[in-house]
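What follows is a predicted structure for the sequence shown.
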Amino acid sequence: MSTEAEIREILGKVKVAAAGTTLAELNLLREVTVQPDKIAVKVASAGLSEDSRQILRQEIELALKPVLKKQTLEIEYITVPLKDLNRVKKVVAVMSGKGGVGKSLITGLCAVALNRQGYRVGILDADITGSSIPKMFGANQKIIGNEEAILPVQSRGGISLVSTSLLLTNQDDAVIWRGPLISKMINQFWDDVLWGELDYMVVDLPPGTSDAALTVLQALPISGILVVFTPQGLVEMVARKAVSMAKKMEKPIIGLVENMAYLKVPELDKKIEVFGAGHGEELAKSIGVPFIGQMPLDPALAALCDNGNIEKYQHPLLDELEKAISRS
Ligand SMILES: Nc1ncnc2c1ncn2[C@@H]1O[C@H](COP(=O)(O)OP(=O)(O)OP(=O)(O)O)[C@@H](O)[C@H]1O
């Protein structure tokens, strides 16, 4: 007769088709009881429609068929509060002093870098009106769920994504909400989503030091912030502003990332400093925060993002991002 641990091991690997991930990763497997005549399994129903539950029931039956001796199998769906299902170990936020410096892109790369190291990662896209995360990951499925919870969409590499554009009928539609609605949406992305077991959640903050960014810093249990800037004088100034806001909110700064630091032209074997010489390291030193590194303006990266293939990108900065976040 199989033990409870053996049954849990088998069931943990069962795929929840609706979510594109497993029962264990979603933390939906709640109770397993093994008796000589019966195996009873209790599964949380969060996020699962009637159809999804039916399909999952069949998957569970199929997975346990080889180990059922003369036992019957009883599968019961139960309601469990989301706060008991979501176990997010660390939440890091990516911030910029102003829009358009590549904050979303660095958010995406942080998630990719952590995922490559085998961590289970989610991205909460809190840049509600300028959401560009799903496009980078080539995610165009609609978010689904039930009255208990919303299910994130999985990227090809297995990163959980939640973003407003995954809720829109047309991803290119503009979101023109006012502040209170934006704040409500950000809170819902935390409270109403079945994130399950995550080692890291990376949050793409709204740009700048706006109310919306402040809302996220106040509402979510953020353990560290990365600040993205580009090597232009004014942008450096706003980077200082962003760091000062994070410090005021008493959130630790993981470090500064200098994006679009230079344009690399392999044919010329030359680095062109499009926005002038970068001095991120000096800037970080003068603000008193770590400097993580530079990302060049890379046409190959832009193309991968446009085609939804950010997960294929290779650059040494990814290792630096992963190290800085996992040390923090
Ligand atoms: N290092 C880079 N190399 C090539 N393209 C880049 C780089 N950084 C950003 N981009 C491109 O620039 C555009 C803006 O980047 P992104 O959306 O990440 O900026 P953002 O700071 O999040 O903007 P916003 O604050 O308005 O949401 C995107 O199309 C992105 O692919």
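Okay, I see it. The shown structure was predicted, so the numbers you read here are calculated from the model rather than taken from an experiment.

Flag every residue of the stretch 1-150 of the chain that's near the ligand.
Contacts of the stretch 1-150 of the chain with the ligand, taken as C-beta under 6 Å from any ligand atom, map to Ser96, Gly99, Gly100, Val101, Gly102, Lys103, Ser104, Leu105, Asp127, Gly130, Ser132. (Glycine included, C-beta is placed from N, CA and C.)

can you list contacts of stretch 231-251?
The contact list for stretch 231-251 (C-beta atoms under 8 Å, 6 or more residues apart in numbering) reads 93, 95-98, 101, 208-209, 213-214, 217-218, 222, 224-225, 227, 229, 253, 256, 258, 260-261, 273, 275-280, 283, 287, 289.

Give me the contact status of it with the ligand.
No: residues of stretch 231-251 are not located near the ligand by C-beta under 6 Å from any ligand atom, the shortest gap being 10.4 Å.

Use 9 as the first number for this chain going forward.
Yep, numbering from 9; the last one is stretch 239-259 now.

sorry, back to before: turn the residues of the stretch 9-158 of the chain next to the ligand into CSV, columns for neighbour count and pLDDT.
Below are these laid out as CSV (neighbours: other C-beta atoms under 10 Å; pLDDT from 0 to 100):
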residue, neighbour count, pLDDT
Ser104, 30, 88
Gly107, 13, 80
Gly108, 12, 84
Val109, 24, 89
Gly110, 22, 93
Lys111, 30, 94
Ser112, 27, 95
Leu113, 23, 97
Asp135, 28, 87
Gly138, 17, 76
Ser140, 18, 88
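
and those as CSV, adding secondary structure?
Formatted as CSV, those follow (DSSP: H, G, I helix; E, B strand; the rest coil):
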residue, secondary structure
Ser104, strand
Gly107, coil
Gly108, coil
Val109, coil
Gly110, coil
Lys111, helix
Ser112, helix
Leu113, helix
Asp135, coil
Gly138, helix
Ser140, coil
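
What are the buried residues along stretch 267-275?
Within stretch 267-275, the residues scored as buried using 16 or more other C-beta atoms under 10 Å are Asn267, Met268, Ala269, Tyr270.

filter the residues you listed down to the ones close to the ligand.
Asn267, Met268.

among the buried residues of stretch 267-275, which are in helices?
Among these, no member is found in helices (DSSP state H).

Run through the helices of the stretch 159-308 of the chain in chain order.
Counting by DSSP state H, counting those that start in this stretch, one finds helices in the stretch 159-308 of the chain at the ranges 187-199, 219-227, 241-256, 288-295, 307-314.

now these as a markdown table including mean neighbour count and mean pLDDT?
Formatted as a markdown table, those follow (neighbours: other C-beta under 10 Å; pLDDT from 0 to 100):
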| stretch | mean neighbour count | mean pLDDT |
| --- | --- | --- |
| helix 187-199 | 17 | 80 |
| helix 219-227 | 18 | 84 |
| helix 241-256 | 18 | 78 |
| helix 288-295 | 16 | 86 |
| helix 307-314 | 14 | 94 |
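
Next secondary structure after whichever helix or strand Lys50 is part of?
Using DSSP states H and E, Lys50 sits within strand 46-52. Once the chain leaves strand 46-52, the next helix or strand it forms, by DSSP H and E, is helix 58-72.

then that following helix to PDB, C-alphas only?
In PDB, the C-alpha atoms belonging to helix 58-72 read as follows (Å, rounded to 0.1, in the frame of the first residue of the first chain):
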ATOM      1  CA  GLU A  58     -16.500  23.500 -13.200                       C
ATOM      2  CA  ASP A  59     -14.900  22.200 -16.400                       C
ATOM      3  CA  SER A  60     -11.400  22.600 -15.100                       C
ATOM      4  CA  ARG A  61     -12.300  20.600 -11.900                       C
ATOM      5  CA  GLN A  62     -13.800  17.900 -14.100                       C
ATOM      6  CA  ILE A  63     -10.600  17.600 -16.200                       C
ATOM      7  CA  LEU A  64      -8.400  17.700 -13.000                       C
ATOM      8  CA  ARG A  65     -10.400  15.000 -11.400                       C
ATOM      9  CA  GLN A  66      -9.700  12.700 -14.400                       C
ATOM     10  CA  GLU A  67      -6.000  13.600 -14.300                       C
ATOM     11  CA  ILE A  68      -5.800  12.700 -10.600                       C
ATOM     12  CA  GLU A  69      -7.600   9.400 -11.300                       C
ATOM     13  CA  LEU A  70      -5.200   8.600 -14.100                       C
ATOM     14  CA  ALA A  71      -2.200   9.400 -12.000                       C
ATOM     15  CA  LEU A  72      -3.300   7.300  -9.100                       C
END
